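Enquirer: Build me a model:
(one chain, ligands or ions: 1)
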Amino acid sequence: MILRPSQREQVLPLPVALISTVSHGGIRNVAPWSNITPILRPLNEIVLASWIKRDTLDNIRATEEFVVNIPPASMVGEVMICARNYPPEVDEFEEAGLTPRPSAKVRPPGVDGCLAWMECVLKEEIARENFSLVIGEVIHLEADDRYFNDSGEMDFERAQPLSVMLGWEGMWFTRPVRSGRFAHYAEMAAGRTRVHPDQSTPHPERW
Ligand SMILES: Cc1cc2nc3c(=O)[nH]c(=O)nc-3n(C[C@H](O)[C@H](O)[C@H](O)COP(=O)(O)O)c2cc1C
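Expert: Residues are numbered from 1 along each chain as shown. Modelled structure (predicted):
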(Lines give C-alpha, C1' and ligand atoms only; values in the text may rest on other atoms or scores of the structure.)
Protein backbone atom coordinates (compact mmCIF):
# COMPACT_ATOMS: atom_id res chain seq x y z
CA MET A 1 0.00 0.00 0.00
CA ILE A 2 1.39 3.43 -0.95
CA LEU A 3 0.55 6.15 1.59
CA ARG A 4 0.59 9.89 1.20
CA PRO A 5 3.56 11.52 2.98
CA SER A 6 1.11 13.16 5.40
CA GLN A 7 0.03 9.69 6.49
CA ARG A 8 3.36 9.25 8.23
CA GLU A 9 1.26 9.70 11.35
CA GLN A 10 -0.21 6.25 10.77
CA VAL A 11 3.11 4.47 10.73
CA LEU A 12 5.30 6.42 13.15
CA PRO A 13 4.82 6.09 16.93
CA LEU A 14 5.48 9.37 18.71
CA PRO A 15 6.29 10.10 22.35
CA VAL A 16 3.78 11.84 24.59
CA ALA A 17 5.14 14.60 26.83
CA LEU A 18 3.45 17.41 28.73
CA ILE A 19 5.09 20.79 28.31
CA SER A 20 4.60 23.18 31.19
CA THR A 21 5.25 26.90 30.83
CA VAL A 22 4.25 30.17 32.45
CA SER A 23 3.18 33.32 30.66
CA HIS A 24 4.90 36.66 31.12
CA GLY A 25 2.21 37.48 33.70
CA GLY A 26 2.72 34.17 35.56
CA ILE A 27 -0.26 32.13 34.26
CA ARG A 28 0.57 28.42 34.26
CA ASN A 29 0.06 26.37 31.12
CA VAL A 30 0.32 22.67 30.33
CA ALA A 31 -0.02 21.08 26.87
CA PRO A 32 0.59 17.60 25.45
CA TRP A 33 3.39 17.37 22.91
CA SER A 34 4.52 14.60 20.55
CA ASN A 35 6.75 16.28 18.00
CA ILE A 36 9.69 16.31 20.34
CA THR A 37 13.04 14.62 20.10
CA PRO A 38 16.53 14.71 21.60
CA ILE A 39 19.25 16.00 19.28
CA LEU A 40 21.81 13.19 19.29
CA ARG A 41 24.58 13.06 21.87
CA PRO A 42 25.38 14.41 24.39
CA LEU A 43 21.58 14.69 24.55
CA ASN A 44 21.58 18.03 26.35
CA GLU A 45 19.48 19.63 23.60
CA ILE A 46 16.00 18.76 22.42
CA VAL A 47 13.89 20.06 19.56
CA LEU A 48 10.14 20.42 19.50
CA ALA A 49 7.83 21.47 16.69
CA SER A 50 5.02 23.86 17.50
CA TRP A 51 2.19 25.26 15.44
CA ILE A 52 2.26 29.04 15.54
CA LYS A 53 -0.99 29.39 17.51
CA ARG A 54 0.06 27.82 20.76
CA ASP A 55 0.12 29.44 24.19
CA THR A 56 3.07 27.14 24.86
CA LEU A 57 5.08 28.77 22.07
CA ASP A 58 4.07 32.29 23.18
CA ASN A 59 5.16 31.47 26.73
CA ILE A 60 8.48 29.98 25.65
CA ARG A 61 9.17 33.06 23.56
CA ALA A 62 8.24 35.33 26.48
CA THR A 63 10.13 33.59 29.28
CA GLU A 64 12.65 31.38 27.42
CA GLU A 65 11.92 28.51 29.81
CA PHE A 66 9.86 25.32 29.77
CA VAL A 67 9.62 21.90 31.39
CA VAL A 68 9.17 18.65 29.46
CA ASN A 69 7.24 16.31 31.76
CA ILE A 70 6.92 12.59 30.98
CA PRO A 71 3.47 11.36 32.04
CA PRO A 72 2.72 7.71 32.86
CA ALA A 73 -0.10 5.92 31.01
CA SER A 74 -2.40 6.51 34.00
CA MET A 75 -2.37 10.27 33.25
CA VAL A 76 -3.88 9.99 29.79
CA GLY A 77 -7.14 11.61 30.98
CA GLU A 78 -5.28 14.71 32.19
CA VAL A 79 -3.25 14.73 28.96
CA MET A 80 -6.45 15.06 26.94
CA ILE A 81 -7.85 17.80 29.20
CA CYS A 82 -4.66 19.81 28.59
CA ALA A 83 -5.09 19.28 24.83
CA ARG A 84 -8.20 21.48 24.90
CA ASN A 85 -7.86 24.91 23.42
CA TYR A 86 -8.16 27.07 26.55
CA PRO A 87 -7.62 30.83 26.28
CA PRO A 88 -4.20 32.02 27.51
CA GLU A 89 -5.63 33.46 30.75
CA VAL A 90 -6.75 30.00 31.95
CA ASP A 91 -4.51 28.15 34.42
CA GLU A 92 -4.35 24.68 32.87
CA PHE A 93 -2.95 23.07 36.03
CA GLU A 94 -6.25 23.99 37.71
CA GLU A 95 -8.39 22.94 34.75
CA ALA A 96 -6.82 19.48 34.58
CA GLY A 97 -6.54 19.05 38.37
CA LEU A 98 -2.76 18.77 38.12
CA THR A 99 -0.47 19.48 41.05
CA PRO A 100 2.48 21.75 40.28
CA ARG A 101 5.92 20.54 41.31
CA PRO A 102 8.51 23.25 41.98
CA SER A 103 11.32 23.15 39.42
CA ALA A 104 14.96 23.30 40.46
CA LYS A 105 16.29 25.79 37.90
CA VAL A 106 13.42 27.33 35.91
CA ARG A 107 10.30 29.27 36.82
CA PRO A 108 7.64 27.02 35.20
CA PRO A 109 6.64 24.25 37.61
CA GLY A 110 6.72 20.61 36.56
CA VAL A 111 3.70 18.31 36.76
CA ASP A 112 3.59 16.19 39.90
CA GLY A 113 3.01 12.47 39.26
CA CYS A 114 5.06 12.42 36.09
CA LEU A 115 7.93 10.00 35.61
CA ALA A 116 10.59 12.56 34.76
CA TRP A 117 11.08 16.28 34.31
CA MET A 118 13.42 18.04 31.89
CA GLU A 119 13.91 21.68 32.76
CA CYS A 120 14.87 23.57 29.61
CA VAL A 121 15.97 27.00 28.45
CA LEU A 122 15.36 28.28 24.94
CA LYS A 123 18.49 28.11 22.78
CA GLU A 124 17.14 28.84 19.32
CA GLU A 125 13.91 29.17 17.38
CA ILE A 126 13.65 28.28 13.71
CA ALA A 127 10.47 29.98 12.51
CA ARG A 128 8.52 28.91 9.44
CA GLU A 129 5.25 30.35 8.18
CA ASN A 130 2.91 28.05 10.14
CA PHE A 131 5.14 26.40 12.69
CA SER A 132 8.31 26.84 14.65
CA LEU A 133 11.08 24.53 15.71
CA VAL A 134 12.14 25.27 19.25
CA ILE A 135 15.54 24.07 20.38
CA GLY A 136 15.93 23.86 24.12
CA GLU A 137 18.87 23.02 26.32
CA VAL A 138 18.07 20.64 29.16
CA ILE A 139 19.66 22.25 32.20
CA HIS A 140 18.16 19.94 34.83
CA LEU A 141 16.85 16.39 34.42
CA GLU A 142 15.20 14.57 37.28
CA ALA A 143 13.17 11.38 37.52
CA ASP A 144 11.02 9.62 40.09
CA ASP A 145 13.25 7.04 41.86
CA ARG A 146 10.33 4.62 42.16
CA TYR A 147 10.50 3.72 38.47
CA PHE A 148 14.24 3.05 38.40
CA ASN A 149 16.09 -0.13 39.32
CA ASP A 150 19.25 -0.39 41.46
CA SER A 151 21.54 0.15 38.46
CA GLY A 152 19.80 3.41 37.60
CA GLU A 153 17.83 2.18 34.59
CA MET A 154 14.15 2.91 34.10
CA ASP A 155 11.87 -0.10 34.42
CA PHE A 156 9.86 0.75 31.30
CA GLU A 157 7.08 -1.73 31.93
CA ARG A 158 6.51 -0.47 35.49
CA ALA A 159 6.85 3.22 34.62
CA GLN A 160 4.60 3.01 31.53
CA PRO A 161 5.70 6.11 29.61
CA LEU A 162 3.23 6.90 26.82
CA SER A 163 3.51 6.96 23.08
CA VAL A 164 0.80 7.60 20.53
CA MET A 165 -0.24 6.42 17.07
CA LEU A 166 -2.59 8.59 15.06
CA GLY A 167 -5.45 6.85 13.25
CA TRP A 168 -8.28 8.15 11.06
CA GLU A 169 -10.67 8.60 13.96
CA GLY A 170 -8.26 9.64 16.67
CA MET A 171 -5.27 8.79 18.80
CA TRP A 172 -4.24 5.36 20.05
CA PHE A 173 -2.21 5.74 23.21
CA THR A 174 0.40 3.00 23.48
CA ARG A 175 3.13 2.01 25.91
CA PRO A 176 6.36 -0.02 25.81
CA VAL A 177 6.20 -3.78 25.98
CA ARG A 178 9.35 -5.88 25.65
CA SER A 179 9.78 -7.40 22.20
CA GLY A 180 12.03 -10.11 23.61
CA ARG A 181 15.12 -8.80 21.85
CA PHE A 182 17.87 -6.97 23.74
CA ALA A 183 20.55 -5.36 21.58
CA HIS A 184 23.78 -4.18 23.16
CA TYR A 185 25.17 -0.92 21.73
CA ALA A 186 28.36 -2.80 20.82
CA GLU A 187 26.41 -4.64 18.10
CA MET A 188 26.28 -1.42 16.09
CA ALA A 189 30.02 -0.94 16.34
CA ALA A 190 30.45 -4.51 15.07
CA GLY A 191 28.40 -3.60 11.97
CA ARG A 192 30.56 -0.57 11.28
CA THR A 193 33.72 -2.62 11.60
CA ARG A 194 32.51 -5.03 8.92
CA VAL A 195 31.82 -2.16 6.47
CA HIS A 196 35.04 -0.32 7.28
CA PRO A 197 37.47 -2.96 8.56
CA ASP A 198 40.23 -0.39 9.09
CA GLN A 199 38.04 1.98 11.18
CA SER A 200 36.90 -0.03 14.18
CA THR A 201 35.56 2.10 17.00
CA PRO A 202 37.04 1.54 20.46
CA HIS A 203 33.90 3.08 22.04
CA PRO A 204 30.60 2.10 20.45
CA GLU A 205 28.67 5.01 19.02
CA ARG A 206 25.41 5.81 20.84
CA TRP A 207 22.85 8.34 19.68
C1 LIG B 1 -0.86 13.55 22.15
C2 LIG B 1 -0.82 14.96 21.64
C3 LIG B 1 0.33 15.45 21.05
C4 LIG B 1 0.40 16.77 20.56
N5 LIG B 1 1.55 17.20 19.98
C6 LIG B 1 1.64 18.47 19.53
C7 LIG B 1 2.84 18.92 18.91
O8 LIG B 1 3.81 18.19 18.79
N9 LIG B 1 2.88 20.21 18.47
C10 LIG B 1 1.83 21.05 18.59
O11 LIG B 1 1.93 22.22 18.15
N12 LIG B 1 0.65 20.63 19.17
C13 LIG B 1 0.54 19.38 19.64
N14 LIG B 1 -0.63 18.94 20.21
C15 LIG B 1 -1.76 19.85 20.33
C16 LIG B 1 -1.66 20.75 21.57
O17 LIG B 1 -1.39 20.02 22.74
C18 LIG B 1 -3.02 21.47 21.79
O19 LIG B 1 -3.31 22.25 20.66
C20 LIG B 1 -3.01 22.32 23.03
O21 LIG B 1 -4.31 22.86 23.24
C22 LIG B 1 -2.03 23.47 22.93
O23 LIG B 1 -2.12 24.18 24.11
P24 LIG B 1 -1.54 25.63 24.30
O25 LIG B 1 -2.22 26.56 23.29
O26 LIG B 1 -1.90 25.93 25.71
O27 LIG B 1 -0.07 25.55 24.05
C28 LIG B 1 -0.72 17.63 20.68
C29 LIG B 1 -1.89 17.13 21.29
C30 LIG B 1 -1.95 15.81 21.75
C31 LIG B 1 -3.20 15.31 22.39
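
Enquirer: downstream neighbour of the host helix or strand of Thr37 in the secondary structure list?
Expert: In this assignment (DSSP states H and E), Thr37 forms part of strand 36-38. The C-terminal neighbour of strand 36-38 among helices and strands, as given by DSSP H and E, is strand 45-51.

Enquirer: what's that next one packed up against?
Expert: Under the contact definition 3 or more Cβ pairs under 8 Å, 6 or more residues apart in numbering; DSSP states H and E, strand 45-51 sits against strand 36-38, helix 55-63, strand 116-127, strand 131-143. Bear in mind the C-beta positions are built from the backbone N, C-alpha and C, glycine included.

Enquirer: what residues are up against the nearest residue to Gly136 once chain neighbours are set aside?
Expert: Excluding its sequence neighbours, the residue lying closest to Gly136 (Cβ to Cβ, 6 or more residues apart in numbering) is Cys120, at 3.5 Å. Cys120 makes contact with 46, 65-68, 106, 136-139 under the criterion Cβ atoms under 8 Å, 6 or more residues apart in numbering.

Enquirer: Give the PyMOL command for selecting the buried subset of those residues.
Expert: Here is the PyMOL command that picks out the buried ones among those, judged by 16 or more other Cβ atoms under 10 Å:
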select buried, resi 46+65+66+67+68+106+136+138
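
Enquirer: Turn the contacts of Cys120 into TSV, including distance to Ile36.
Expert: Below are the contacts of Cys120 laid out as TSV (distance: Cβ to Cβ, whole Å):
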residue	distance to Ile36
Ile46	6
Glu65	16
Phe66	11
Val67	12
Val68	7
Val106	17
Gly136	9
Glu137	14
Val138	12
Ile139	17
